[in-house]
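sequence below, structure please.
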Amino acid sequence: MIETRMNNGIVVAGIKDSDRLTAAVADDVKRVLTKIISESNSKVVLNLSNIQFIDSSGFGVLISALKTARQKDVPFVLCCIHKDVMSLLTLMKLDKVFEICEDESILE
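Just a heads-up that it's a prediction; the model follows:
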């Protein structure tokens, strides 16, 4: 469900096998993201390039991951966000809550 790789000491995670972050996959994604963040001692970047739709459960997963990251003092960044998903983040004012990067250039 989530692939991870290291890039310049930063953990990059990406959701695979689905273009939707919905209730159907939310529990699995939350479990894996929580594990990645909890075990990380560096920045965690979630690449959302495959995700074209997020429902309320999916936003709950992202907020939960951010909360875990803040508790562990691990920077958590969203990147490569599809324009429709970005519109939802902006509408919900979550663009002010998350650190968001246009692409993975933050890794360089």
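
in space, not sequence, find me the middle residue of this structure.
By CA atoms, centre = their mean, the chain has its centre lying nearest to residue 46, at 3.6 Å.

shouldn't it be in contact with residue 80?
No - using CB atoms under 8 Å as the test, residue 46 is too far from residue 80 to be in contact (9.1 Å). Just so you know, the C-beta spots here come from the backbone N, C-alpha and C atoms, and that holds for glycine as well.

if we can go back for a sec, sticking with the residue nearest to the centre of the chain, tell me its helix or strand.
For residue 46, the host element (DSSP states H and E) is strand 44-47.

tell me which helix or strand comes right after that strand.
Next along the chain after strand 44-47, with elements defined by DSSP H and E, is strand 53-54.

show me how far that next one is from its chain's centre.
Relative to its chain's centre, strand 53-54 lies at 12 Å (CA atoms, centre = their mean, to the nearest Å).

quick one: contacts of it?
For strand 53-54, contacts defined as CB atoms under 8 Å, 6 or more residues apart in numbering pick out 19-22, 62, 84-85, 88.

tell me which strands it pairs with, and in which orientation.
In the sheet, strand 53-54 lines up against strand 20-21 (parallel) (DSSP bridges).

ok so, going back, contacts for the strand holding residue 46?
In contact with strand 44-47 (CB under 8 Å, 6+ apart) are residues 10-15, 33, 36-37, 62, 65, 69, 74-80, 101, 104, 106-107.
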